[in-house]
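Visitor: my questions concern the predicted model and sequence given below.
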Amino acid sequence: MATYVILLRAVNLAGYGKLPMAEFRKMLSGLGFERVETYIQSGNAVVSAKGSAAKVAKDVAAGLAKMMGSPVGVVVRTHEQLDRVIRENPFAAEASDGARVHVAFLAGPANTNARSALERIVTQYPKRRDRYHLAEEHIYFHLPDGAAETKFSGKTLDKALGVMGTGRNWNTVLKLHEMSRP
């Protein structure tokens, strides 16, 4: 069995997408996953499962759609992929404040126009000091002014990248990496 990190999009945010973690763990166990653990209330889980990351994502998405009555974005990563995300962090010097460095994990590669779309976001909001680094199927952010008012979020980011993503602050990335250690 492989170990996978499951990242859900937009659950338990400001009253939206209510998903009790006990119910989420029960659903994951019901899918046949083992070593099921969740971390905080924002839709993070670590499981051991047979099959590929794509199969795990598909099974979790189907289970959540049935349980919640609507689709939920699901991204799955391995411990090794999180190793690489941590090792290649271009904002490592700023990561001591784990609330100011974030990673958005993408459901697939960004479109070919993503960089220009991201630059348009930066230039539209010159008072913000947000920085980004697009790296294959994830994007790093340094948000020195905080994440609350960044324009690199939700549907704006999805539109710029052409793919769904879900973000985590650096502290959460490190904790999920630790939890997924074989």
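Guide: Cool, the structure landed.

Visitor: please point out which parts of the top helix by length along the chain sit buried.
Guide: If you go by DSSP state H, the chain has its longest helix at helix 53-68. The neighbour-count check on helix 53-68 (16 or more other CB atoms under 10 Å) flags Ala53, Val56, Ala57, Asp59, Val60, Ala61, Gly63, Leu64, Met68 as buried. Placement of C-beta: from N, CA and C, glycine included.

Visitor: against which helices or strands is the helix or strand just after it packed?
Guide: The element immediately downstream of helix 53-68 (helix or strand, assigned by DSSP states H and E) is strand 74-78. In this structure, strand 74-78 packs against strand 2-8, helix 53-68, strand 101-106, with contacts taken as 3 or more CB pairs under 8 Å, 6 or more residues apart in numbering; DSSP states H and E.

Visitor: strand 74-78 pairs with which strands, parallel or anti?
Guide: Strand pairing for strand 74-78, determined by DSSP bridges: strand 2-8 (antiparallel).

Visitor: pLDDT (mean, whole number) over the strand it pairs with?
Guide: Average pLDDT, strand 2-8: 97.

Visitor: next, the angle helix 53-68 makes with that strand.
Guide: Interaxial angle, strand 2-8 versus helix 53-68 (axes from the mean of the first three to the mean of the last three CA atoms, to 10 degrees): 40 degrees.
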